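Enquirer: fold the stuff below for me.
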Amino acid sequence: MGRKKKALSKSFHRLFEKKQKGIAWLIDPAKFDKNLIPHIKSIRDSQLDFIFIGGSKYREKNFDEIVFEIKNAAGNIPVLIFPGSKMQVSNHADGILFLSLLSGRNPEFLISQQIAAAESIYHSELEVLPTAYLLVNDGELKSVHRESNTLPILNKSIKEVVKTALAGKFLGMDLCFLDAGSGATSSVATEVIQEVKKYLDGPLIVGGGIDNLQKIHLGFEAGADVIVIGNQIEKDPHFLTEVLSFKDWYNQSLHVN
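Expert: A predicted model of the protein is given here:
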C-alpha cells in the first residue's frame, strides 16, 4: 500500500510555526457506543483540529469497525490513532501517533509493542507520526500507568521531564506528548510545559486532567501547541463547543496582540 503524504505532520507543524493553538478530542474505544455518532457529525464542520482514538484498557477485536464509524462521521476532521497496544491499528484512520513511552522503563511500551505493530502499519496507508510519549503528573496512578506498568515523572522533577523530552527529540521523534493520564486530577504543570517548550523546536501536545477552560488557557500560555480533551467531553458533550469557541477567540487574540 502507498504511504500517505505528510499532511498530518504539516498540520501539527503549521500550528507550531504560526504560533496557533489546536484542540484534539480523544475518544476511548472502550467507552464508544453508536450514540456518539450524532455528536461527532454535529461537529464535523467545526474548527476541531484532530480526533484521537485509543485507550490503554481496550482489548476488543472491533477496533477497526469503531475507527471506520468515527471516521465516517468526522467528515474532514483528521482522525489519528493514539494506540494503547499493538492491537490498535486501523487503515480507516488518517494516521497513527507512533508512541514510545519514554517516561517509563518498561521495554514492552518502549519498543516491544511497536515492533509487534510495525509490519501491519507498514502495509497500511496510515501516516506515521513518531511521538515521544511522557506521563507526567503529581504522582497519581491512572489506568495508563497500571496498564503500562510504569510510574509517571513527577511535575516537580522538571529537569527529568526536559531530559526525557530531549532524548525523544534526539532519537528523531517528530512530536512530543506530555500526558497526565486520563481522568487525572493533577494535569501537567505549566512550569513543566514552559521548560519543555524552551528545549523543543517542534510541536508539543499536552493532555490529561484538562477539564475546564482555565486549564486550557494556562496550557496554551505555557506553550502547548495542541491540547487533548477526553473525559470532560464524555461527562458534558457541550464542553467541546465551549472549548472550540475559546480556541477561536484565543487564536484571534494572538493576531490582535
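Enquirer: can you list the residue ranges for helices in the protein?
Expert: Per DSSP state H, the chain carries helices over the ranges 7-18, 36-42, 63-74, 107, 113-122, 143-148, 158-170, 190-199, 213-222, 231-235, 239-256.
Enquirer: turn those into CSV, including mean neighbour count.
Expert: Yep, even glycine has a C-beta here, placed from its N, CA and C like the rest. Converted to CSV, those look like this (neighbours: other Cβ atoms under 10 Å):
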stretch, mean neighbour count
helix 7-18, 16
helix 36-42, 15
helix 63-74, 19
helix 107, 10
helix 113-122, 15
helix 143-148, 18
helix 158-170, 17
helix 190-199, 18
helix 213-222, 18
helix 231-235, 16
helix 239-256, 14
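Enquirer: closest to V128 out of the ones you listed?
Expert: helix 113-122 (6.3 Å; Cβ to Cβ).
Enquirer: and that closest one, what other elements does it pack with?
Expert: With contacts taken as 3 or more Cβ pairs under 8 Å, 6 or more residues apart in numbering; DSSP states H and E, helix 113-122 sits against strand 95-101.
Enquirer: which elements pack onto the strand it packs on?
Expert: Under the contact criterion of 3+ Cβ pairs under 8 Å, 6+ apart, strand 95-101 touches strand 79-81, helix 113-122, strand 127-137, strand 175-179.
Enquirer: would JSON lines of these with distance to A24 be doable?
Expert: JSON lines is the format used below for these (distance: least, Cβ to Cβ, whole Å):
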{"stretch": "strand 79-81", "distance to A24": "8"}
{"stretch": "helix 113-122", "distance to A24": "20"}
{"stretch": "strand 127-137", "distance to A24": "12"}
{"stretch": "strand 175-179", "distance to A24": "10"}
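Enquirer: which residues of the stretch 1-150 of the chain score low on pLDDT?
Expert: Within the stretch 1-150 of the chain, the set of residues satisfying pLDDT under 70 comprises 1-5.
Enquirer: tell me which of the helices of the chain sits nearest to G84.
Expert: That would be helix 143-148 among the helices of the chain, by Cβ to Cβ, at 6.9 Å.
Enquirer: how far off centre is the closest one?
Expert: Averaging C-alpha positions (Cα atoms, centre = their mean, to the nearest Å) puts helix 143-148 16 Å from its chain's average.
Enquirer: what of stretch 54-68?
Expert: How far stretch 54-68 lies from its chain's middle: 16 Å, per Cα atoms, centre = their mean.
Enquirer: what residues does that stretch touch?
Expert: 26, 28-32, 53, 79, 81-85, 87-93, 143-144, 146-148, 182 (Cβ atoms under 8 Å, 6 or more residues apart in numbering).
Enquirer: how about a cut-off of 6 Å?
Expert: Outside of stretch 54-68, the residues within contact range by Cβ atoms under 6 Å, 6 or more residues apart in numbering are 28-30, 32, 53, 81-84, 88, 90, 92-93, 143-144, 147.
Enquirer: who wins for proximity to D49 among the helices of the chain?
Expert: Closest to D49 of these is helix 7-18 (Cβ to Cβ; 7.1 Å).
Enquirer: and the angle for that closest one with strand 175-179?
Expert: 80 degrees (axes from the mean of the first three to the mean of the last three Cα atoms, to 10 degrees).
Enquirer: and the most centrally placed residue in the chain, what are its bridge partners?
Expert: Centroid-nearest residue in the chain: V228, 5.6 Å away (criterion: Cα atoms, centre = their mean). According to DSSP bridges, the partner residues bridging V228 are A24, G207.
Enquirer: and it, how far from S124?
Expert: V228 sits 23 Å away from S124, going by Cβ to Cβ, to the nearest Å.
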